[in-house]
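A.B. asks: Structure here, sequence nowhere to be found:
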């Protein structure tokens, strides 16, 4: 598996973890949020991209769920 495939697999794992953490948020919202953030990150060093995506998406979704309450 090359680095790009590994990164995409890690991003899909982020979607699964966030879906479990935010069951009140529709899965398609989580997936689109994660993929939008992932697409916005560019640069030559990709090792920590999935971690950054997860943190940014979690913060975004946390704010969204507070608004729903």
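C.D. replies: Yes, it's here. Not measured: the values here are computed from a predicted model. Numbers count the residues shown, from 1 in each chain.

A.B. asks: count of neighbours near residue 27?
C.D. replies: Using other C-beta atoms under 10 Å, residue 27 has 13 neighbouring residues. In short, each C-beta sits where N, CA and C put it, glycine included.

A.B. asks: can you tell me how far it sits from residue 8?
C.D. replies: Here residue 27 is placed at a distance of 17 Å from residue 8 (C-beta to C-beta, to the nearest Å).

A.B. asks: same check, this time on residue 51
C.D. replies: From residue 51 to residue 8 the distance is 14 Å (C-beta to C-beta).

A.B. asks: what about these two, which has more around it?
C.D. replies: More crowded of residue 51 and residue 8, by other C-beta under 10 Å: residue 8, with 14 against 11.

A.B. asks: Let's verify the more buried one: helix, strand, or coil?
C.D. replies: Classification of residue 8 by DSSP: H, G, I helix; E, B strand; the rest coil places it in helix.

A.B. asks: List the buried residues of stretch 33-48.
C.D. replies: For stretch 33-48, the buried set under the neighbour-count rule, 16 or more other C-beta atoms under 10 Å, comprises 33-35, 37-38.

A.B. asks: Specify which member of those is nearest to residue 18.
C.D. replies: Nearest to residue 18 out of the buried residues of stretch 33-48 is residue 34 (C-beta to C-beta; 6.7 Å).

A.B. asks: pLDDT at the closest one, what is it?
C.D. replies: What the model reports as pLDDT for residue 34 is 97.

A.B. asks: where do the helices sit along the protein?
C.D. replies: Assigned by DSSP state H, the helices in the chain fall at 3-21, 27-40, 49-68.

A.B. asks: Could you tell me the least trusted of these?
C.D. replies: Among the helices of the chain, helix 49-68 carries the lowest mean pLDDT, at a mean of 88.

A.B. asks: residues making contact with it?
C.D. replies: For helix 49-68, contacts defined as C-beta atoms under 8 Å, 6 or more residues apart in numbering pick out 7, 10-11, 13-14, 17-18, 21-22, 24-25, 29-30, 33-34, 37-38, 41.

A.B. asks: Apply 6 Å and report the result again.
C.D. replies: By C-beta atoms under 6 Å, 6 or more residues apart in numbering, the residues outside helix 49-68 that reach it are 7, 10-11, 14, 18, 22, 25, 33-34, 37-38, 41.
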